[in-house]
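Q: One predicted model, sequence on top.
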Amino acid sequence: MNFDFSPEQELLRDQARSFLTANCGAGLARKMLDGDDAAGDGLYKQMAELGWLGTAVPEEYGGFAAGGLELCVLAEELGRSLAPGPIATATYLAIPLLLLAGSEAQKRKYLPALVQGELTVTIAVNEGPRNATPKNVATLAKDGLITGVKYPVADGARADLALVLSSDAGGSFHLVALSDPGVVREAIPAQDFGRPQAKVTFTNAAAEPLGTPGDGWSLLAQIYDHAAVLYAFEQMGGAHVALDQACDYARDRFAFGRAIGSYQGLKHKLADMYVAATLAKANCYYAAWALSTKSTGAVELPLAAATARVSATKAYDLCASENIQIHGGMGCTWEVDCHLYYRRARSLAVNIGSNLIWEEKLVCALEAREAA
């Protein structure tokens, strides 16, 4: 079995890395951290022109029908470059949900505009950090109107369209235009300024049903498995950059007449980082296979997604935090780039559920496989 990427996928990687190196990275992250929210505004449209938003969208809706493996390649490069903006929310969560649950009319109405970058989309599920179960969802939809509060909502302050989960009929999704008079948006503090969050209040806002009433939580579970694989690739990409930064500094920094990387204490740290990042990569490749294989892989996806998510979260957290420690006193300063990757690691660790939630999903998936 070949788990490597094809030559065409490697060409996509080269194109993505070249573009993101030239346009993203620490320089752009620092601008956004310093309050320049508009610094990355043109990137989303440029990514759309490169075809990234339509990577896994069928051709009849304006996409390229490439598939999950190409999305994994892009996700890894987005993680390496600290790419900002709504592309992750759109391609990992919202567009797949629209493809999975949307009617033919909804797909033809929204997907071409999303693929071309003319419309930005987000997904609104939570009502506070701890609201992760159906009984805690208080957002209600009735007679084509929706009322409730959602936070945190990724890119919610600037998105045009939201896919909103409500508690009616046991959990249902709705399409809501965020320009509706019944929608109030408020930016809330985010640890990672490249991935802003918002609090969105709906008061009798016009809502268009998405999917079958009562299927909301089932749809969310499927989409989260899909997104977990892509977020894991993004985390894996960031972890390898943090590892490279630590290795470079350990080779270049001298103390007492020798490179600090030659000291046993630092060797142990670097070895632990390498093992964690390599294990995450192996699990990500397994998850990429499950995501892209519609027959046997679909059965394996819940287990593969949870495995990749748990290992990638731990690897990124370890590599980003140890990178700061290896840089010593400099690592804690604003001028060094270590904290930029640490911020992203902390942000990605909780955006579709904490590691405790995914560890529980991993155990349940293992139990289900044993039972089968």
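A: Cool, the structure landed.

Q: Past the helix or strand that contains residue 341, which element shows up next along the chain?
A: Assigned by DSSP states H and E, residue 341 belongs to helix 338-348. Using DSSP H and E, the helix or strand that directly follows helix 338-348 along the chain is helix 355-371.

Q: contacting residues around that following helix?
A: 132, 228, 302-303, 306-307, 309-310, 313-314, 349 (CB atoms under 8 Å, 6 or more residues apart in numbering). C-beta here means a position set from N, CA and C on the backbone, and glycine is covered the same way.

Q: how's the chain carved up into domains?
A: 7-115, 121-213, 217-371 (automatic domain parsing).

Q: Could you tell me the least trusted of those domains?
A: Comparing mean pLDDT across the domains of the chain, the lowest value falls on domain 121-213: a mean of 89.

Q: Make CSV out of the domains of the chain and add mean neighbour count.
A: Converted to CSV, the domains of the chain look like this (neighbours: other CB atoms under 10 Å):
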stretch, mean neighbour count
domain 7-115, 19
domain 121-213, 19
domain 217-371, 19
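
Q: Now do the phi/psi pair for residue 35.
A: phi 100, psi 0 (degrees, to the nearest 10).

Q: before we move on, back to that, if we look at the helix holding residue 341, which residues are touching it?
A: 26, 29-30, 33, 79, 82, 190-195, 231, 234-235, 238-239, 241-242, 245, 313, 316-317, 319-321, 323-324, 327, 331-332.

Q: and the most centrally placed residue in the chain, what is it in contact with?
A: With the centre of the chain defined as its mean C-alpha position, the nearest residue by CA atoms, centre = their mean is residue 231, 4.1 Å away. For residue 231, the contacting residues are 75, 88, 92, 309, 312, 348, 351-352, taking CB under 8 Å, 6+ apart as the criterion.

Q: tell me what the helix or strand where residue 112 lies is packed against?
A: With elements delineated by DSSP H and E, residue 112 resides in helix 104-115, which encompasses its position. Contact analysis of helix 104-115 by 3 or more CB pairs under 8 Å, 6 or more residues apart in numbering; DSSP states H and E lists helix 95-101 as its packing neighbours.

Q: Could you list every helix and strand in contact with the helix it packs on?
A: For helix 95-101, the elements it packs on are helix 104-115, strand 121-124, strand 208-210, helix 216-252, judged by 3+ CB pairs under 8 Å, 6+ apart.

Q: what does that helix rub up against?
A: 53, 56-58, 106-107, 110-111, 114, 121, 123, 163, 173, 210-212, 215, 219, 222-223, 226-227.

Q: before we move on, back to that, including distance to residue 151, could the contacts of residue 231 go into CSV?
A: Listed next are those as CSV, based on distance: CB to CB, whole Å:
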residue, distance to residue 151
75, 25
88, 18
92, 19
309, 22
312, 25
348, 18
351, 13
352, 15
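
Q: of all the residues you listed, which comes closest to residue 152?
A: For these, the minimum distance to residue 152 (CB to CB) is 8.5 Å, reached by residue 351.

Q: wait, isn't the closest one in contact with residue 155?
A: No. Counting by CB atoms under 8 Å, residue 351 sits too far from residue 155 to count as a contact (11.3 Å).

Q: what residues do these two have in common as contacts?
A: For the pair residue 351 and residue 155, residues contacting each of them under the criterion CB under 8 Å, 6+ apart are residue 195.

Q: Residue 230 and residue 278: what is the separation?
A: Distance, residue 230 to residue 278, by CB to CB, to the nearest Å: 20 Å.

Q: correction: residue 316
A: With the distance defined as CB to CB, residue 316 ends up 13 Å from residue 278.

Q: next one: residue 337
A: To residue 278, residue 337 is 23 Å away according to CB to CB.

Q: again with residue 353
A: When distances are taken as CB to CB, residue 353 and residue 278 turn out to be 24 Å apart.

Q: Off-centre distance for the helix holding residue 112?
A: When C-alpha coordinates are averaged (CA atoms, centre = their mean, to the nearest Å), helix 104-115 and its chain have centres 22 Å apart.

Q: same deal with stretch 365-372?
A: When distances are taken as CA atoms, centre = their mean, stretch 365-372 is centred 27 Å away from the chain's centroid.
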